[in-house]
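**Q** Could you look at this predicted model? Sequence included:
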Amino acid sequence: MNGNLYNKYKNKYPDIILRKKYYIKIQKINMKIISEQMNENLIKDTTKKPEAESGAGLEISPSPELNNAAKSLGAVQKAIDNDQPISLSQIQQIQEAMKKLTVNIGGEEMTLEDTRFKKNAKIWEEIRQGKYNNIKKLTCITPAISKVLSRHQGNLNLSGLTSLSDQAAEHLSHHQKTLWLRGLTSLSDQAAEHLSHHQGYLGLDRVTSLSDKTAEYLSHHQGGLFISLTSFSDQVAEQLAHYRGNLWLNSLVYLSDQAAEYLSHQQGTLMLLGLTSLSDQAAEYLAKHKEKVSVPEAIQEQIAKFKK
């Protein structure tokens, strides 16, 4: 029975029995196969085989809905294996169960019916086609998509992301142009380690605090680093002092004497345009910085007094 005839009669005869031999062909599936194939292509309802790389798919969260889906699929598979009839209600149960499955994307939990998932999936498909006009609108990405993005030859503005998985960070670290991650407010140590290998300007405009370890990793980054730290420990300053390249710390309003001493050894332009005051001791330390230090005019005059 072709698709048109099936659609014509299924409403007229709701109890119609479907057999795989004559009416429909249902692929033998189980939850293992589903977990492997539940990648970005789900939004297109395709059966294209996913990339055979670790983490390429979506993470399905354990839940009662998952158990229901497994149970329904198991019953259908058993019927197919034994060439037994499959009712419309069984097919509908599978559809309903799949709708309620929760997936984890970039640290966010959502169902496949979630509008966020659908909007992002549409952009994912554009990215696969080499279209990058809407990447700023992405609010989550999978490791597979981040791998595609890493090969983009232009700048990447991913400021819509509010979280970034370690694996996505690893892929993005291979990108070699400007990378804006302005929506992130924090970074894991592992993500920071991956991003330290990125070569190009890295914008972390909303990251307001760093652990000592994260700072250590980021100090190895090359290409220019912008972090919106509003304050930091002397230990973090010590790590960032190892940064070689332009370093933007324009959200800092205060700098301790010890932090100033550490940063005086930093190699590259140092931006501290948010400072509201500076002790003479700190000013003397910054005067020893061998490259340009950008600070408010009043503080610039204070530093100039110690220039030799």
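**A** Thanks, I have it.
**Q** Low-confidence ranges, the stretch 151-300 of the chain, go.
**A** Applying pLDDT under 70 to the stretch 151-300 of the chain flags no residue at all.
**Q** quick one, helices of it?
**A** 166-172, 189-195, 212-218, 234-240, 257-263, 280-286, 297-304 (DSSP state H, counting those that start in this stretch).
**Q** residues contacting the residue nearest to R206 when sequence neighbours are not counted?
**A** Among residues not flanking R206 along the chain, T185 sits closest, at 5.0 Å (CB to CB, 6 or more residues apart in numbering). All C-beta spots, glycine's among them, are computed from the backbone N, C-alpha and C. Contacts for T185 (CB atoms under 8 Å, 6 or more residues apart in numbering) come out as 162, 206-208.
**Q** for I303, same thing?
**A** With CB under 8 Å, 6+ apart, I303 has these contacts: 278, 283, 286-287, 293, 295.
**Q** re earlier: output the contacts of T185 as JSON lines; include the columns distance to L156 and neighbour count.
**A** Output for the contacts of T185, formatted as JSON lines (distance: CB to CB, whole Å; neighbours: other CB atoms under 10 Å):
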{"residue": "T162", "distance to L156": "16", "neighbour count": "16"}
{"residue": "R206", "distance to L156": "16", "neighbour count": "16"}
{"residue": "V207", "distance to L156": "17", "neighbour count": "21"}
{"residue": "T208", "distance to L156": "22", "neighbour count": "15"}
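**Q** Now render those residues as a markdown table, adding distance to G274.
**A** Shown next, in a markdown table, are the contacts of T185 (distance: CB to CB, whole Å):
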| residue | distance to G274 |
| --- | --- |
| T162 | 24 |
| R206 | 15 |
| V207 | 15 |
| T208 | 12 |
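**Q** Of those, just say which sits nearest to N82.
**A** T162 (48.5 Å; CB to CB).
**Q** Run a quick neighbour tally on the residue lying closest to S279 once chain neighbours are set aside.
**A** Leaving aside its chain neighbours, S279 sits nearest to D257 (5.9 Å; criterion: CB to CB, 6+ apart). For D257, the neighbour count with other CB atoms under 10 Å is 16.
**Q** Domains of this protein: list them as residue ranges, please.
**A** With automatic domain parsing as the criterion, the domains of the chain are listed as 3-106, 115-304.
**Q** Most tightly packed of those?
**A** Mean neighbour count (mean count of other CB atoms under 10 Å) peaks for domain 115-304 among those, with a mean of 18.
**Q** Mind checking the helices of the stretch 151-300 of the chain for the one nearest to I94?
**A** I94 sits nearest to helix 166-172 of all the helices of the stretch 151-300 of the chain, at 29.9 Å, using CB to CB.
**Q** C-alpha coordinates for the closest one, CSV please?
**A** Extracted in CSV, the C-alpha atoms of helix 166-172 (Å, rounded to 0.1, in the frame of the first residue of the first chain):
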residue,chain,number,x,y,z
ASP,A,166,34.6,20.9,27.2
GLN,A,167,34.4,18.9,24.0
ALA,A,168,33.0,21.8,22.0
ALA,A,169,35.8,24.0,23.4
GLU,A,170,38.4,21.5,22.2
HIS,A,171,37.0,21.7,18.7
LEU,A,172,36.8,25.5,18.7
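**Q** what distance separates that helix from the centre of its chain?
**A** Offset of helix 166-172 from its chain centre (CA atoms, centre = their mean, to the nearest Å): 8 Å.
**Q** How about stretch 290-308?
**A** For stretch 290-308, the distance to the chain centre is 39 Å (CA atoms, centre = their mean).
**Q** Quick one: end-to-end length of that stretch, please.
**A** With CA to CA, to the nearest Å applied, stretch 290-308 spans 12 Å between its terminal residues.
**Q** Stretch 292-308 too?
**A** First residue to last in stretch 292-308 (CA to CA) measures 15 Å.
**Q** so what's S231 up against?
**A** By CB under 8 Å, 6+ apart, the residues touching S231 are 209, 252-254.
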